[in-house]
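Asker: quick one: sequence and predicted model below, then my questions.
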Amino acid sequence: MTMLAPAEKRPFVQKLFSRIAPRYDWFNRLASCGLDQRWRRAAVAQGGVETGQHVLDVCAGTGDLAILSAARQSGQGVVVGIDMNREMLARAREKSQRRRLEIGWLQGDAEALPFPSGSFDRVFIGFSTRNLADLTAGLREMIRVLRPGGRLIILETGYPSHPVLRFGYQTFLFTIARGIGFILTGKLWPFTYLARSVRQFLTPQQIIERLTLLSTQARYMPLSNGLASLYVAVKSSTNGSTNRNAPAHEASRAA
């Protein structure tokens, strides 16, 4: 499978996540030996989520980052999750309802977020930046909807600094992780794409450079010896922005 052009990537990723949505959480837990939830908790903690904040989870998937943020706020804040994929959002909604958490779920595009500029104190994206058709456009949108001084928190698959560990990690993704995905779903191609998307994605330094060019102060933190990557980017107080159409609180009535 070669690199996909932007016009091809969006429908391909939509089809992929529709196919694996019923077993997506199981795959994450088994393929990471349960570490994925630890990494999400670290992201929420490093993001500094506090009561009373407005929090957005972009490419929310089955909603784990939004759920952790809402639980941390104990109902004293606004949490919104947005994703293009209806099947993933349906599972996110079910999970939040079981936990009796108020979260607004909205179907929408990460590269054209339907919120006014400066709507959120914290914006999260977990394990999805490499799936964006236009990474720079997506990052620019996430920074646009942040308030000055707000934080963009990116949790991604890792880039171990040691070449042997990095080779072992990528080999694991192409063998054991793909095997787990096939056992759970009966399909191999989605997990082949996911493994290749990790290998072909930007290095931490390249991501930091992009975030810096978008007027943020960014830092990188490897998690579990680099098996996961955490980035925290603080929006400059002088970063200008223009309003978009829908106010953030309307998401609670959407989807």
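Answerer: Looks like it arrived, so ask away.
Asker: quick one, strands of the stretch 151-255 of the chain?
Answerer: Counting by DSSP state E, counting those that start in this stretch, the stretch 151-255 of the chain has strands at residues 216-223, 228-235.
Asker: looking at these, which is nearest to residue 85?
Answerer: Residue 85 sits nearest to strand 228-235 of all the strands of the stretch 151-255 of the chain, at 22.0 Å, using CB to CB. In short, each C-beta sits where N, CA and C put it, glycine included.
Asker: averaged pLDDT, that closest one. What do you get?
Answerer: If you average the pLDDT over strand 228-235, you get 97.
Asker: can I get that strand as CSV, trimmed to CA atoms?
Answerer: What follows is strand 228-235, C-alpha atoms only, in CSV (Å, rounded to 0.1, in the frame of the first residue of the first chain):
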residue,chain,number,x,y,z
ALA,A,228,3.8,6.8,22.4
SER,A,229,4.4,10.5,21.7
LEU,A,230,2.9,13.4,23.6
TYR,A,231,3.0,17.0,22.3
VAL,A,232,1.8,20.0,24.2
ALA,A,233,1.5,23.3,22.2
VAL,A,234,0.5,26.5,23.9
LYS,A,235,-1.1,29.1,21.6
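Asker: ok, back up a step: which one, of the strands of the stretch 151-255 of the chain, ends up nearest to residue 186?
Answerer: That would be strand 228-235 among those, by CB to CB, at 27.3 Å.
Asker: quick one: buried residues of the closest one?
Answerer: Applying a neighbour-count criterion of 16 or more other CB atoms under 10 Å, one finds 228, 229, 230, 231, 232, 233, 234, 235 buried in strand 228-235.
Asker: same thing with stretch 91-104?
Answerer: Buried, per 16+ other CB under 10 Å, within stretch 91-104: 91, 92, 93, 95, 96, 101, 103, 104.
Asker: ok so, going back, which of the strands of the stretch 151-255 of the chain sits closest to residue 21?
Answerer: strand 228-235 (21.7 Å).
Asker: against which helices or strands is the closest one packed?
Answerer: Packing partners of strand 228-235 (3 or more CB pairs under 8 Å, 6 or more residues apart in numbering; DSSP states H and E): helix 35-47, strand 146-157, helix 204-213, strand 216-223.
Asker: centre of the chain to the helix or strand that the first one is followed by, how far?
Answerer: The reference is to helix 35-47. Heading C-terminal from helix 35-47, the first helix or strand you meet, by DSSP states H and E, is strand 54-58. Distance of strand 54-58 from its chain centroid, counting by CA atoms, centre = their mean, to the nearest Å, is 10 Å.
Asker: do stretch 203-220 as well
Answerer: Relative to the mean C-alpha coordinate of its chain, stretch 203-220 is positioned 16 Å out (CA atoms, centre = their mean).
Asker: try stretch 221-238
Answerer: Distance, centroid of stretch 221-238 to centroid of chain: 12 Å (CA atoms, centre = their mean).
Asker: repeat that for stretch 178-194.
Answerer: For stretch 178-194, the distance to the chain centre is 20 Å (CA atoms, centre = their mean).
Asker: pLDDT weak spots in the protein?
Answerer: 1-6, 239-255 (pLDDT under 70).
Asker: what's the burial count for residue 61?
Answerer: 24 (other CB atoms under 10 Å).
Asker: what would the buried residues of strand 228-235 look like in JSON lines with distance to residue 126?
Answerer: Formatted as JSON lines, these follow (distance: CB to CB, whole Å):
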{"residue": "228", "distance to residue 126": "10"}
{"residue": "229", "distance to residue 126": "11"}
{"residue": "230", "distance to residue 126": "10"}
{"residue": "231", "distance to residue 126": "11"}
{"residue": "232", "distance to residue 126": "13"}
{"residue": "233", "distance to residue 126": "15"}
{"residue": "234", "distance to residue 126": "19"}
{"residue": "235", "distance to residue 126": "19"}
